[in-house]
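Trainee: Sequence and computational prediction follow.
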Amino acid sequence: MAEPKTKENDLSVAEFLDRVEDERRRRDCRTVVELMREVTKVEPKMWGTSIVGFGRYLYKYASGHSGEWPVVGFSPRKNDLTLYLRLGAADCGELLSKLGKHKVGKGCLYLKKLEDVDMGVLKALVERSVKAMATQRVDR
């Protein structure tokens, strides 16, 4: 079985964020770092070359494939700020309806800019996601 490409590493989160070209996106990323650091109580780590993750959990699929992934994380993609949350596992439908402008995908929350969303609701989504992953965390 192939080794996963996206793994926790020692690349610098600060240097990665400094390279985000758009100033507003860079500011939004730093705000998300502070929010996720506060909720998870851990320092951010790079996962691969473009994901900032907080904590670690183990997963195993029915196929037998297993690995580690951040409990929560984000990536400043070209079109969106992509947050990796456990929206389904955390039953977040009601909170999402109050968030503001966003899109969702499987395990992802896509935001254009933080000024489009309610930061209290975003924090609640991160908190609920972290709580949903508590039993699978391996970073504590």
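Mentor: Okay, I see it.
Trainee: report the longest helix in this structure, please.
Mentor: Longest helix in the chain, counting residues (DSSP state H): helix 23-40.
Trainee: Test my guess that Leu85 contacts Leu109.
Mentor: Yes - with contact defined as CB atoms under 8 Å, Leu85 counts as touching Leu109 (5.5 Å). Every C-beta, even on glycine, is put in place using the N, C-alpha and C of the backbone.
Trainee: which helices and strands does the lowest-mean-pLDDT helix or strand in the chain pack with?
Mentor: When each helix and strand of the chain is scored by mean pLDDT, DSSP states H and E, strand 57-60 comes last, with a mean of 85. Judged by 3 or more CB pairs under 8 Å, 6 or more residues apart in numbering; DSSP states H and E, strand 57-60 is in contact with strand 66-69.
Trainee: about what we covered before: could you give the average pLDDT over the longest helix of the chain?
Mentor: Averaging pLDDT along helix 23-40 yields 97.
Trainee: Which secondary structure elements does it sit against?
Mentor: helix 13-18, strand 51-54, strand 72-76, strand 81-84, helix 119-132.
Trainee: Could you check the angle that helix makes with helix 119-132?
Mentor: Calculated by axes from the mean of the first three to the mean of the last three CA atoms, to 10 degrees, helix 23-40 forms an angle of 50 degrees with helix 119-132.
Trainee: What are the contacting residues of the helix or strand following helix 23-40?
Mentor: Later in the chain than helix 23-40, the nearest helix or strand by DSSP states H and E is strand 45-47. Strand 45-47 is contacted from outside by 6-13, 16, 52-54, 69-70, 73, using CB atoms under 8 Å, 6 or more residues apart in numbering.
Trainee: Stretch 58-69 too?
Mentor: Taking CB under 8 Å, 6+ apart as the rule, stretch 58-69 contacts Met1, Pro4, Thr6, Lys7, Glu8, Trp47, Gly53, Arg56, Tyr57, Tyr84, Gln136, Val138.
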